[in-house]
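*Asks:* okay, structure incoming, though there's no sequence with it:
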C-alpha cells in the first residue's frame, strides 16, 4: 500500500474505502485523520492521511496487514480508497464531522 498511496502526508481529512467483489462496489469503511484545535489551527497526525490509511490499526493490526488478510478471506477483488482534505486553504470542515 505504501508504494501506491498518494494521500496527503501533511493534511487532515477523511478517507473512504470501497470493496469490489462480484462485480459490485460496496462501501466498507470511512475514516478520518487529524483534528482542529480550539485555537482554530489544524493538528496533523504524523504522516497525515497517508499514514492513517497505511498504518492505522484495524482488526488489531496495521491496515497494511489487516486489509490484505480481509481481501483474501472475503474474496475481495480490489479495494478503492478515496481521500479528501477537509480543512485546508479551500475547505474548513472538521474531519470527524464529515466522517
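*Replies:* Structure received. Here the structure is a predicted model, which is why all the values come from computation and not from measurement. Residues are numbered from 1 along each chain as shown.

*Asks:* distance check, residue 3 against residue 69.
*Replies:* Separation of residue 3 from residue 69 (C-beta to C-beta, to the nearest Å): 19 Å. Heads up, the C-betas are built off the backbone N, CA and C, glycines and all.

*Asks:* neighbour-wise, which of these two wins?
*Replies:* Counting neighbours by other C-beta atoms under 10 Å for residue 3 and for residue 69 shows that residue 69 has the greater number, 11 against 4.

*Asks:* residue 59 is in contact with that one, correct?
*Replies:* Yes: Residue 69 is in contact with residue 59 according to C-beta atoms under 8 Å; the separation is 7.5 Å.

*Asks:* how about the helices of the chain, start to end?
*Replies:* Taking DSSP state H as the test, the helices found in the chain are 48-55, 63-73, 95-98.

*Asks:* export those to TSV and tack on mean pLDDT and distance to residue 34?
*Replies:* Below are the helices of the chain laid out as TSV (pLDDT from 0 to 100; distance: least, C-beta to C-beta, whole Å):
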stretch	mean pLDDT	distance to residue 34
helix 48-55	95	7
helix 63-73	93	17
helix 95-98	94	5
